[in-house]
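Q: pasted the sequence and its predicted model underneath.
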Amino acid sequence: MTQHVARFQRSLLVGLVVIGLGLISSANAAERVEVSIDASKAGAKIDRNIFGQFAEHLGHGIDGGIWVGRDSTIPNTRGIRNDVVTALKALKVPNVRWPGGCFADEYHWRKGVGPQRAVSLNPNWGGVIEPNTFGTDEFMDFLGQIGSDAYISVNVGSGTPQEAAEWLEYMTTAQPTTLEKERAANGHPAPYNIAFLGIGNESWDCGGNMSPDYYVSQMKIYSRFVRNFNPAQQDKDQMQKIAVGPGGGEPRWTEWTETVMKAYQQHTWSWDINGLSMHSYTVGHWPPSYASSGFGETEYSQILKFTLEMDDLINKHSAIMDKYDPQKKVALMVDEWGAWYAPLPGSNPGFLVQQNSLRDAVLAALNLNIFARHADRVRGANIAQMINVLQAMIMTDKEKMLLTPTYYVFKMYTPFQDATFVPVTFNSGTYTHGGISLPRTDAIAAKGKDGKLWVAITNLDPNETVDVELNLVGTSAKAASGETLTAPKVDSINTFDAPNTVVPKPISAKAQGGKLTLKLEPKSVSVVSIEQ
Ligand code: AHR
């Protein structure tokens with residue numbers, strides 16, 4: 001209920017923008033926010049899979065970003081860079097979606113296994129050579145090194161059910177079949193675990209331009225025949241099959257969700273799905289034209305306004321899902337999200353290279369908060385993409401590596417993985433710039449697996465400090481400490497020469513009369529644990 005109050009306040013504020021009442025002066029805005037947390041009203045589990053990553057064969061997302069090859073002078077373990085592995089381990093990455101994206105619907109797995117790799121092309125992303133040196137076994141090795149689960153997208157667009165079924169047999173069977181022996185000969189006698197199986201990618205567009213009905217008939221065939229044979233995944237830890245879902249809120253997307261979910265409602269013993277994918281980028285307008293650095297407050301506030309639309313989109317598609325699946329058995333998996341800006345000048349436009357600024361840190365926190373508030377339905381999300389592509393965690397340049405502002409938000413939010421959502425009420429206040437009004441603050445709280453109470457609070461306002469008064473219902477708060485992420489400018493970035501411009505710093509609260517006061521710097525993301 002209280003959660004709904006906060007959501008209502010937020011929707012109302014964003015709604016004011018839509019109806020053009022952007023005239024609220026900043027003089028009216030609150031610089032003091034009272035946050036009330038009632039830990040006795042715990043909600044859904046915040047699935048750790050909402051912190052998932054996405055690695056596509058695209059630009060230097062894999063080539064150079066993860067894979068440097070065994071003979072590289074860059075320190076590596078079986079060809080996979082050690083610095084990147086160390087950085088990703090700290091994020092506790094729950095799953096990695098691979099090999100695409102659009103690339104997945106043109107991927108033929110056989111080219112990427114064994115001692116001889118076929119050299120092919122990557123027509124989607126710059127038309128470059130795809131050496132296939134990073135294939136199934138290398139991906140699984142990478143996952144083993146970072147301690148993450150596999151989210152495999154199979155080729156529905158240009159492949160066949162048989163090809164996908166054989167790929168799964170190669171990866172998962174423990175029986176001595178020809179494909180099992182081939183996997184063992186390639187160095188992995190034990191079957192692999194596959195947590196998620198994506199049945200195609202954007203089948204309404206780059207995945208084959210299918211109509212909803214045509215896709216549903218394909219989906220049933222793939223769901224039936226693309227089996228996971230791993231003995232450890234037959235009862236517990238069953239592979240979750242994810243159907244292609246919407247890419248926006250317009251009628252063609254609502255029709256898509258309706259068609260897939262209606263089919264699901266009538267599904268028989270012979271096929272099933274466990275999730276519906278949704279893709280939504282913060283882009284403003286297509287083609288992407290916002291600069292990823294060298295921008296000011298106007299572009300900052302515009303992009304944040306666009307990103308908050310994620311909430312409406314989830315509400316819209318969740319409502320359709322509720323009609324056909326009121327028990328919420330099918331998860332909504334936002335398996336591509338993040339900021340998509342204009343390509344960096346001088347970069348290959350097909351490589352989707354962009355900068356990552358403090359704005360992206362704020363944007364990431366707002367989206368993670370939205371997913372957490374929808375924890376009962378949104379049980380997976382994959383930011384696009386993990387390294388060197390779009391809103392990346394990590395950037396590399398040959399032997400150099402840097403961690404982005406978005407990386408630090410994911411690191412600060414790790415206590416929310418599999419934590420229990422706790423409702424928060426707060427008067428968000430309003431931040432107004434150039435006719436755009438946004439909530440000044442945003443907050444979520446959760447009871448972590450470590451037993452602690454965690455709060456994440458974002459101050460969107462790039463000019464005003466916010467004094468937060470934290471109040472626990474039914475008990476008194478004694479202390480709070482954690483980290484805060486901010487920087488001098490909305491477009492501050494980390495570079496290879498100055499990698500510590502946007503890095504978290506300690507933050508603590510003052511206790512008085514059972515309440516805590518916390519100072520939020522302008523344009524900051526903070527995560528604190530509260531002692532009771
Ligand atoms: O993430 C880049 C691309 O965006 C993906 O390949 C595709 O699925 C989406 O359109």
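A: Sure thing, it's come through. For clarity, every value in this text was computed on a predicted model and none was experimentally measured. Numbering: from 1, shown residues only.
Q: can you pull the contacts of Gln465?
A: For residue 465 the amino acid is Thr, not Gln. Glu31, Asn459, Lys519, Leu520, Glu521, Pro522 (C-beta atoms under 8 Å, 6 or more residues apart in numbering). All C-beta atoms are positioned from the backbone trio N, CA, C, and that covers glycine.
Q: how near is Asn124 to Ile66?
A: Relative to Ile66, Asn124 is positioned 19 Å away (C-beta to C-beta, to the nearest Å).
Q: who's more crowded, the two?
A: More neighbours surround Ile66 than the other of Asn124 and Ile66, with 29 against 18 (other C-beta atoms under 10 Å).
Q: Gln145 belongs to a strand?
A: No: when classified by DSSP: H, G, I helix; E, B strand; the rest coil, Gln145 is found to be helix rather than part of a strand.
Q: hmm, it is touching Asn76, no?
A: No: using C-beta atoms under 8 Å, Gln145 is not in contact with Asn76; the gap is 10.2 Å.
Q: returning to what we had before: can you flag the buried ones in the contacts of Thr465?
A: Asn459, Lys519, Leu520, Glu521, Pro522 (16 or more other C-beta atoms under 10 Å).
Q: OK, contacts around the last one?
A: By C-beta under 8 Å, 6+ apart, the contact set of Pro522 is Asn459, Asp461, Pro462, Asn463, Glu464, Thr465, Thr486.
Q: restricted to buried residues, select those residues in ChimeraX.
A: This is how ChimeraX selects the buried members of these, with burial counted by 16+ other C-beta under 10 Å:
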select :459,461,462,464,486
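Q: my guess is Gln302 contacts His285. True?
A: No: proximity of Gln302 to His285 does not meet the contact threshold set by C-beta under 8 Å, at 10.5 Å.
Q: more neighbours: which of these two?
A: With other C-beta under 10 Å as the criterion, Gln302 and His285 differ in neighbour count, and Gln302 comes out ahead with 16 against 8.
Q: low-confidence stretches in the stretch 351-500 of the chain?
A: Across the stretch 351-500 of the chain, not a single residue meets the criterion (pLDDT under 70).
Q: contact residues of it facing the ligand?
A: Taking C-beta under 6 Å from any ligand atom as the criterion, the stretch 351-500 of the chain approaches the ligand at residues Ala384, Gln385, Leu390.
Q: state the distance from the second one to Lys411.
A: With distances defined as C-beta to C-beta, the gap from Gln385 to Lys411 amounts to 17 Å.
Q: near the ligand, which residues of the protein?
A: Selection of the chain residues close to the ligand by C-beta under 6 Å from any ligand atom yields Glu56, Gly100, Gly101, Cys102, Asn201, Glu202, Glu336, Ala384, Gln385, Leu390.
Q: just the pLDDT for the residue nearest to Glu336 when sequence neighbours are not counted.
A: Taking C-beta to C-beta, 6 or more residues apart in numbering as the measure, Glu336 lies nearest to His279, with 4.0 Å between them; neighbours along the chain are not counted. At His279 the predicted local confidence, pLDDT, stands at 98.
Q: next one: the one 3 residues further on
A: Confidence at Thr282, expressed as pLDDT, is 98.
Q: how about the contacts made by the closest residue in space to it that isn't next to it in sequence?
A: On the basis of C-beta to C-beta, 6+ apart, the spatially nearest residue to Thr282 that is not a chain neighbour turns out to be Thr307, at 4.2 Å. The neighbourhood of Thr307, defined by C-beta under 8 Å, 6+ apart, consists of Thr282, Ala339, Leu363, Leu366, Asn367.
Q: and the two most separated of these?
A: The largest distance within these, taken as C-beta to C-beta, falls between Ala339 and Leu366 and amounts to 11.1 Å.
Q: so those two - more neighbours on which side?
A: Neighbours per residue, other C-beta under 10 Å: of Ala339 and Leu366, the larger number sits with Ala339, 27 against 23.
Q: isn't the more buried one right next to Tyr281, touching?
A: Yes: under the contact definition of C-beta under 8 Å, Ala339 touches Tyr281, with a separation of 7.2 Å.
Q: so what sits against both of the two?
A: The contact sets of Ala339 and Tyr281 overlap at Leu390 (C-beta under 8 Å, 6+ apart).
Q: now the chain against the ligand: closest residue?
A: For the chain and the ligand, the shortest gap (C-beta to the nearest ligand atom) falls at Gly101, measuring 2.7 Å.
Q: residues contacting the residue nearest to that residue when sequence neighbours are not counted?
A: Nearest-residue entry for Gly101: Glu56, 3.7 Å, with adjacent residues in sequence omitted and distances by C-beta to C-beta, 6+ apart. Contacts for Glu56 (C-beta under 8 Å, 6+ apart) come out as Ile62, Trp98, Pro99, Gly100, Gly101, Cys102, Phe103, Ala104, Trp125, Gln385, Val389.
Q: between those residues, which is nearest Asp38?
A: Compare each of the contacts of Glu56 with Asp38 using C-beta to C-beta and the shortest gap goes to Gln385, at 37.4 Å.
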